[in-house]
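A.B. asks: Give me coordinates for this.
(chains A and B)
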Amino acid sequence: MSWKLVSKTYTGPDAGGATQDSSYDLGYIFYEQAKDIIFRVGNTGSSTAAFKVSASGNNQALIDAVEFSQNKRDWDSQVSFSGIQANEISDTVFCRFTVPVDTYVTSGTFLIRIDEL
Amino acid sequence: MPNRITNRPIMPQVYNHWGLISNNLQCKNIVRQPGGRLWAAVSPGPSQIRLLMSEDNGFTWQNMITNVSDVTDTRLVADTNADGPMITLTISEQWDNLDVFYVEYFSGTDTYDLICGRYSLSDVIANPQEATDANNITGETTGIIEEDIYQGLYDVAMNDQETFVFFDLSNQIVVRRISPRSSAVSSKVTLSTTPVFNIFSTTVNANSVCAVLFSHQTGGENIVKYVSYDETNGWGTPVTIENFGGTDNEMRDPSIAYDGYGNLCALYTDTDTTGSGDTTITYAISTDSGATWDVNDLSRTEGHAAYYDLATGDPSGRTQVIGASDGGFLILYTESADTTDYVAKTYVRHITTDDGSTYTLGGEKEIATNSSKSTDDITGAHFFLPATHARLMDFRDPGLVRVAFNIGDGAATAQDDITPSTFGQELLFSSAYSSVLDTDTEVYTIDTPDSDSVLVSFNILGGPNENVDYYTLGVTGDFTDRYIRAFDHIGNTMRLLRYEPDIDNWMNDRSAFGDPTEYSSKCIFSPQSYGFPAPEIAPDGFTSYVEQDARIIYLPPDIHLARTFQVNKGGYLKRTVWLCQFDGNEYELSQVVPYFIRNQICYYTANAYVVGPSRDPFARDVLPSET
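C.D. replies: Have a look, this model is predicted:
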């Protein structure tokens, strides 16, 4: 693994010393309510890299409810960026999750997947 | 989901464990009319038939007819091929008929007569009556169908056109038809196959083609067979479904049904009558009008064992099948859920099809889990059949199918148990099919992150069935704190009392609850919510005033009016009672609603009703949807 999800609160320039987000808890959300996760991708490898960010997991209904954007205007099921140099941090990635209406479930999970291209 | 318990028993306390579910036979005594009216014909004792009806989806049951015979037994005696009362109920709305079939046993001659009491459906509903003699029922016009039938064995299949009554005469199956218009009974038509061993099951489709499942003992072998009957062609040629290859095994609890594709499902308990006494639940499906059958044995769930009828020691599967208008079947059966205490439990399975050619067996689902304790025996169940058997139900949501079941087991063969049973009932939504999800698990499958992913988790607020203490759960924040401070500043101290119902209690009053737990909190009464008595306007004008003495009470976010629902032993649906004492008045708090700001619990509202002679919170009927 040559990447880390960098916390939005980290203000430093380098990926190596950045605060890492190891998981996210969205807390309590109403049906059809959207909640955003904000992070950046830090390149912890030794060479320039490209990354793809998408959602995965066991529950297709939840994966379908996740969108990504780099500008909060254009949303897609994935975002990609390239040319991230070693120890550099990408621009901000916005992950938006809208809770699907399924009145029989009370909790769930999905995965933010990072692929190095 | 606290309010899954939605139904009252048909009868909460009966000293006859064979009064609803008999041993080794399929009486069709539990039915529903197309409009939703529910009927049950049960036997509280050996010489009594009771007809009960519910017009509110099983919430309350009304006794319609009690039929007591003073000279005969309306039952099959133990140690024959079947045991218990054998009551069948059919309803024809078109012809305003309500038919009750039963057998009368004459101990002196050890013979059975098959009886049909025909009532006017509208008269029964309008004038529920008490009859004292089974042979002298008001409105009865049909009477005896056949005298001296073999061991009292019969079955009834009914469509809108006529009723087919099958019975056993000298080990042969005989059919007679009853007209819904004139009550005329046709002459007998006998199936030549003999001996028909044990019992049989029948059904009929809308085209008046009957399907009969029976056991034929010939050449030293017990053979499960199917045969058709219709008025034009008479009896068809029997077809073998399964040959047990000897007499060590036999079919018990047979049941057969059509589905919307016109296909047939035969369900029965393959019973080893030798040493082991084991049972195998078997279903067979025919997609070619009974010419060929695909036979399947159910795999028993790990840890389950055969169920043995306590009174006779007979192994019994209590199998029953019902067909769906959209194709497919629901089956039910009884097994022991463990091999330590051998607690009997009853299960359903959904056999689905998309095309009427391929059928898929669904998972095993336990019924009555919210109407009984885990240590209670559920010794069998019956589906609420369509009142006209050929009118099939839609099973796209199997949770809407209703079942009646017996809670408890008895050792008496004379239908006078020492310990009581409960004739319970519920929608399958209440336990077996509480939801219809693609995953069929009720929760999203939890993900596990690996080296290329990060886990995101969430919880959902505001589910329709939640009974959640949001403050304890941590759904709090700055807004929560502000509301708590506000209640501290402007609220009045009130005394709150919480009473929990006792599931082992028989009563419907204060004694059905334990001692209260006391709380106090700063709450606020809304002054605007009192309404002056409103005039109740009947069709012929004003009749009376209706009290509107309900107020809204505001509760701080750290006071949660938790509540539980349960049906107690007396069959009464009881809910946690919250009382509030303030300024000389006592109020019942009900219908709690949480309010959030930015996903933080801020306050609750509840309706407050003055407690008095017209509103006793411990005895009043509670709506299953009431929070």
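A.B. asks: Next up, the contacts around B:Ser186.
C.D. replies: Listed by C-beta atoms under 8 Å, 6 or more residues apart in numbering or on different chains, the contact partners of B:Ser186 are B:176-178. C-beta coordinates here come from the backbone N, C-alpha and C atoms, glycine included.
A.B. asks: whoops, B:Phe329 was the one
C.D. replies: B:Phe329 neighbours (C-beta under 8 Å, 6+ apart): B:257, B:259, B:265, B:267, B:283, B:285, B:321-323, B:350-351, B:359.
A.B. asks: just the helices in the chain please.
C.D. replies: Assuming you mean chain A. A:60-63 (DSSP state H).
A.B. asks: try again with chain B
C.D. replies: B:121-126, B:470-473, B:478-490.
A.B. asks: And the contacts of B:Phe329, which is closest to chain A?
C.D. replies: B:His350 (17.1 Å; C-beta to the nearest C-beta).
A.B. asks: Residues of chain A that sit close to chain B?
C.D. replies: A:1, A:5, A:21-31, A:33, A:35, A:37, A:56-59, A:61-62, A:95, A:97, A:99, A:102-115 (C-beta under 8 Å from any C-beta of the partner chain).
A.B. asks: count of neighbours near the residue nearest to B:Asp376 when sequence neighbours are not counted?
C.D. replies: Among residues not flanking B:Asp376 along the chain, B:Ile407 sits closest, at 5.2 Å (C-beta to C-beta, 6 or more residues apart in numbering or on different chains). By other C-beta atoms under 10 Å in any protein chain shown, the residues close to B:Ile407 number 24.
A.B. asks: thought B:Ile407 was touching B:Ala368?
C.D. replies: Yes: using C-beta atoms under 8 Å, B:Ile407 is in contact with B:Ala368, at 6.9 Å.
A.B. asks: shared neighbours, those two?
C.D. replies: Contacts common to B:Ile407 and B:Ala368, judged by C-beta under 8 Å, 6+ apart, are B:378, B:424.
A.B. asks: Give me the pLDDT value at the closest residue to A:Ala61 other than its chain neighbours.
C.D. replies: Spatial nearest neighbour of A:Ala61, chain neighbours left out: A:Pro100 (5.2 Å); criterion: C-beta to C-beta, 6+ apart. Looking at A:Pro100, its pLDDT stands at 86.
A.B. asks: do the same with A:Trp3
C.D. replies: pLDDT, read off for A:Trp3, is 91.
A.B. asks: Surely it and A:Phe39 touch.
C.D. replies: No: using C-beta under 8 Å, A:Trp3 is not in contact with A:Phe39, being 11.1 Å away.
A.B. asks: So what's the residue count around A:Val66?
C.D. replies: Using other C-beta under 10 Å, A:Val66 is surrounded by 22 other residues.
A.B. asks: Just list the residues touching the closest residue in space to it that isn't next to it in sequence, thanks.
C.D. replies: Spatial nearest neighbour of A:Val66, excluding adjacent residues (C-beta to C-beta, 6+ apart): A:Ala55 at 3.8 Å. Counting by C-beta under 8 Å, 6+ apart, A:Ala55 makes contact with A:62-63, A:66, A:68, A:77-78, A:95, A:110-113.
A.B. asks: Looking at the residues you listed, point me to the pair that's furthest apart.
C.D. replies: Across the contacts of A:Ala55, the longest distance by C-beta to C-beta is 15.2 Å; it joins A:Leu62 and A:Gln78.
A.B. asks: okay, those two: which has more neighbours?
C.D. replies: Using other C-beta under 10 Å, the more surrounded residue of A:Leu62 and A:Gln78 is A:Leu62, with 25 against 13.
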